[in-house]
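Undergrad: I need the structure of the sequence given here:
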Amino acid sequence: MKEGDCLNDPRTEELGPDAAEVYSLPAVPYSQAHTYEVFESYTLKDGGFPGDASVEPTAESVCDDEFEVYIGTAYDDSQLDIYYLMPTKVSWNKGRDREVTCLAFDPDQMTSERSRAPSAENRRCGTMTA
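TA: All right, here's what the predicted structure looks like:
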């Protein structure tokens with residue numbers, strides 16, 4: 001996944017609501033209903049799995065820092081929220097997964113409304129407002 005990709009909820013995309021691991025998600029055109037927009041994606045250092053206690057705070061910190069850079073509004077001043085995908089021990093060891101993906105979403109509006117006027121927070125997906 002790359003910055004600007006629009007995605008649907010990984011827990012409902014053919015995986016079921018209890019899916020713990022996601023190995024791939026198809027991007028959807030911004031004109032289609034979707035729930036998330038990728039605003040940052042980065043790769044963790046190789047080596048042994050650092051553990052959830054290390055990966056999760058790192059993901060949270062990077063996503064928080066990059067939110068304002070991409071969205072154009074500070075997280076605390078925005079109505080958007082952050083969700084992130086991160087490696088698990090299983091995906092790290094089996095799939096060589098090192099990617100943390102930061103996703104922005106509007107908790108009050110989880111699908112696209114193509115007719116909305118673009119704003120600084122909309123970016124490519126055209127779904128989210130400040």
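
Undergrad: tell me which element residue 37 is part of?
TA: Following DSSP states H and E, one finds residue 37 within strand 36-43.

Undergrad: output that strand in PDB with nothing but the alpha carbons.
TA: Output of strand 36-43 as PDB, limited to C-alpha atoms (Å, rounded to 0.1, in the frame of the first residue of the first chain):
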ATOM      1  CA  TYR A  36      -9.700   4.500   4.900                       C
ATOM      2  CA  GLU A  37      -6.900   6.500   3.200                       C
ATOM      3  CA  VAL A  38      -3.300   5.600   3.500                       C
ATOM      4  CA  PHE A  39      -1.300   8.600   4.700                       C
ATOM      5  CA  GLU A  40       2.000   6.900   5.700                       C
ATOM      6  CA  SER A  41       3.700   3.600   5.100                       C
ATOM      7  CA  TYR A  42       7.100   2.700   6.400                       C
ATOM      8  CA  THR A  43       9.300  -0.400   6.900                       C
END
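
Undergrad: report the central residue of this structure.
TA: With distances taken as C-alpha atoms, centre = their mean, the residue of the chain nearest its centroid is residue 103 (1.9 Å).

Undergrad: who are the neighbours in contact with it?
TA: Listed by C-beta atoms under 8 Å, 6 or more residues apart in numbering, the contact partners of residue 103 are 7, 36, 37, 38, 39, 82, 83, 84, 85. The way it works is simple: take the backbone N, C-alpha and C, and place the C-beta from them, glycine included.

Undergrad: please apply the same query to residue 104.
TA: For residue 104, the contacting residues are 36, 37, 39, 67, 70, 71, 80, 81, 82, 128, by C-beta under 8 Å, 6+ apart.
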